[in-house]
Structure formats: C-alpha cells, structure tokens
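Peer 1: Here is a sequence with its predicted model. Questions after.
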Amino acid sequence: MGKGKPHIEFTALNMDEGWEVPPGYPEGIKQKVLTSDLDEETKTGSRSRFLRFDPGAYSTVPFVHDHWEEVYLVEGTMIVGNDENGDGGEPFTAPTYACRPPGAYHGPFKSEKGCLLFELHYYYKPDEA
C-alpha cells in the first residue's frame, strides 16, 4: 500500500495560491493537490486534488491512466470529447460526477467559461479489500 496520507482536520484553503500545471497538461489547466501518497511506479496510494480550467482552456488528446479516478464537477461547464482544435464535444454542467476504472480513455476536455473539479485518484486491487 501507499505510504499513507496525513491526518488533516478542517483546514482553511487558499484557493488563489498553490496551483500548478500538472505534467502533460496544457497551460490554463492547473491542479491544487490537497494530499497525496500516489506512487505510479509501485501502483499504490491515492491523491485528492482540485483541477481548474481557465476560460477557453482545453486538452487535445484523450487521457488514460492505470489508477481509478473519480471526478466531481463542482462549478462551471466542461465539454468532453472536443477535437485537437477545441471544437465539438458534449457539454456537462455542474453538479456532474464521473467514475473511471484504470485503462479508460477519457477526454479531451474543454471549458469555455472555466470550471472547477474535485478529483480522487487511487490504486485498488480487489485482493486488498
């Protein structure tokens, strides 16, 4: 299993600071990691994060990863399935939820007016239950 996340009680979050572009994402899409012990090499752990799209930001290719992902669209509208130019796709408005198993292709994504997502990423093996 992962190293384990720390015990954190209710803590005020500064939603203006601590944002960074995740590896492989374009500018305009930023994450704020709340806590993580996700280890993609050993395939253990989990991560809790916010993902924010600036107005007009979009990705150009589908994503796929080897861990579970749960996504809650907290605010705004996200377009799923746009092309490499940011055109097309299906819009979803908050509140909306998705749960994706490892290996599921998803995206590309775009937000015309911006949006905020809360995401959980984790490795789960049935024999660990």
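Peer 2: Perfect, thanks for sending it. These numbers were taken from a predicted model, which means no experiment stands behind them.
Peer 1: which residues are in contact with the lengthiest strand in the chain?
Peer 2: Longest among the strand segments of the chain by residue count, using DSSP state E, is strand 68-80. The contact list for strand 68-80, computed with Cβ atoms under 8 Å, 6 or more residues apart in numbering, reads 50, 53, 58, 89-102, 104, 106-124. (C-beta placed from N, C-alpha, C; glycine too.)
Peer 1: filter those to the buried ones?
Peer 2: Among the contacts of strand 68-80, those classed as buried by 16 or more other Cβ atoms under 10 Å are 50, 53, 58, 89, 92, 96, 98, 100, 107-112, 114-117, 119-123.
Peer 1: Can you report how many residues neighbour residue 37?
Peer 2: When neighbours are defined as other Cβ atoms under 10 Å, residue 37 has 15 of them.
Peer 1: sorry, back to before: can you list which of the contacts of strand 68-80 are found in strands?
Peer 2: Using DSSP E, the contacts of strand 68-80 in strands are 50, 53, 90-93, 96-100, 109-110, 115-122.
Peer 1: hang on, the earlier thing: the longest strand of the chain relative to strand 115-122, how many degrees between them?
Peer 2: In terms of direction (axes from the mean of the first three to the mean of the last three Cα atoms, to 10 degrees), strand 68-80 departs from strand 115-122 by 160 degrees.
Peer 1: for strand 68-80, what is the average pLDDT?
Peer 2: Mean pLDDT, strand 68-80: 98.
Peer 1: strand partners of that strand, parallel vs antiparallel please.
Peer 2: According to DSSP bridges, strand 68-80 forms sheet pairs with strand 90-93 (antiparallel), strand 96-100 (antiparallel), strand 109-110 (antiparallel), strand 115-122 (antiparallel).
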